[in-house]
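**Q** need the 3D shape of this:
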Amino acid sequence: MTSSSALSRKALSKIACNRLQKELAEWQLNPPSGFKHKVTDNLQRWVIEVNGAAGTLYANETYQLQVDFPEHYPMEAPQVIFAPPAPLHPHIYSNGHICLVDNSPKARDSDSVALYILYDSWSPAMTVSSICISILSMLSSSTVKQRPADNDRYVKNCRSGRSPKETRWWFHDDKV
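**A** Prediction:
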């Protein structure tokens, strides 16, 4: 059992349950375009189908996201990974870990290191829908289908069960 799955085994707090039930109800009324929630009886783990946007490298391709919610969601970010096979993308590792950046001018500092909305710059105001839209935007803006340069090293280091939330991400290319 990985450290991330051990954490996800803790029961959701009442606040987390209420928030997730509200988000799920909103999703069912108005799902983000290009996404489909796969219905299960597990509120703590969502499986979401992602359809690549038309006119992009990922058009007509379908992937699955696995979203695991921690006990204290939304005060703590969910863990979001692509289930195998993960799309080929410069910010998606072959094990499904995502380096999702916030490329807004406010998020970048003077040396172009961006903040990561699934990690350091998580905000309780974010929702599963906003995460999905950010992921689709990241996929849609890619100009190449390739793994990150350090994919093999990173995936090898994650074999011990490391969660992507335990990674210190560094990003220097805000064009992808």
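**Q** backbone dihedrals for the most centrally placed residue in the chain, please?
**A** Averaging the C-alpha coordinates of the chain gives a centre point, and the residue nearest to it by C-alpha atoms, centre = their mean is Val80 (3.7 Å). Per-residue torsions, Val80: phi -120, psi 120 (degrees, to the nearest 10).
**Q** distance of it from Ala54?
**A** From Val80 over to Ala54 the distance is 23 Å, taken as C-beta to C-beta, to the nearest Å. (C-beta placed from N, C-alpha, C; glycine too.)
**Q** also His72?
**A** For His72, the distance to Ala54 equals 38 Å [C-beta to C-beta].
**Q** coming back round to it: what's the nearest residue to the residue nearest to the centre of the chain if we skip its chain neighbours?
**A** Val67 (5.1 Å; C-beta to C-beta, 6 or more residues apart in numbering).
**Q** may I see the buried residues of the helix or strand the one you found falls within?
**A** Val67 belongs to strand 62-68 when assigned by DSSP states H and E. For strand 62-68, burial by neighbour count (16 or more other C-beta atoms under 10 Å) applies to 63-65, 67-68.
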